[in-house]
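K.L.:
need coordinates for the following:
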Amino acid sequence: MGNVYLAYDYPVLGAFWTVMWIFLWVLWLLVLFRVIADIFRDHALNGWAKAGWLFFVIILPFLGVLIYVMVRGKEMSKRELREAKRQQDAVDAYIRETAGGPGASSADELAKLADLKAKGTISEAEFQRAKEKILH
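P.N.:
Numbering: from 1, shown residues only. Just a heads-up that it's a prediction; the model follows:
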């Protein structure tokens, strides 16, 4: 019969090192994919430059990512911030549009109600109740 290794045969320091290497590997994959996404996101690079960086990052991944972050890291963070700002603005605009924020007037809301009533979505009684809420 062969050797059977039990959980208590695995030293605690060995478990720590295993967890640390897994963590570093996952962190490495996150950085690698973030750099690859940034290469495609950058509109200042032409196709050949993107292909060159991508080739460099894929063929020599550790060196390629390290050099990319050193050379283009500042612009990378600026693009990341611009993208986050653009997404936040889109969410804010959607919320304002959906909630009928401060830009929506009573006339606009009445027009929407009349349109819903004309389409048959709401009944006359629902229309009157909603109209009273808007006007008061």
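
K.L.:
show me what the lengthiest helix in the chain is packed up against.
P.N.:
When the chain is parsed with DSSP state H, its longest helix is helix 61-99. Using 3 or more CB pairs under 8 Å, 6 or more residues apart in numbering; DSSP states H and E as the contact test, the elements touching helix 61-99 are helix 12-41, helix 47-59. Heads up, the C-betas are built off the backbone N, CA and C, glycines and all.

K.L.:
now do the buried residues in that helix.
P.N.:
By 16 or more other CB atoms under 10 Å, the buried positions in helix 61-99 come out as 64, 65, 68, 69, 72, 76, 79.

K.L.:
what of stretch 118-127?
P.N.:
By neighbour count with 16+ other CB under 10 Å, stretch 118-127 contains the buried residues 122, 127.

K.L.:
heads up, I number from 20, so please use that
P.N.:
Renumbered: residue one is now 20, and that last one reads stretch 137-146.

K.L.:
so what touches it?
P.N.:
132, 133, 135, 136, 149 (CB atoms under 8 Å, 6 or more residues apart in numbering).
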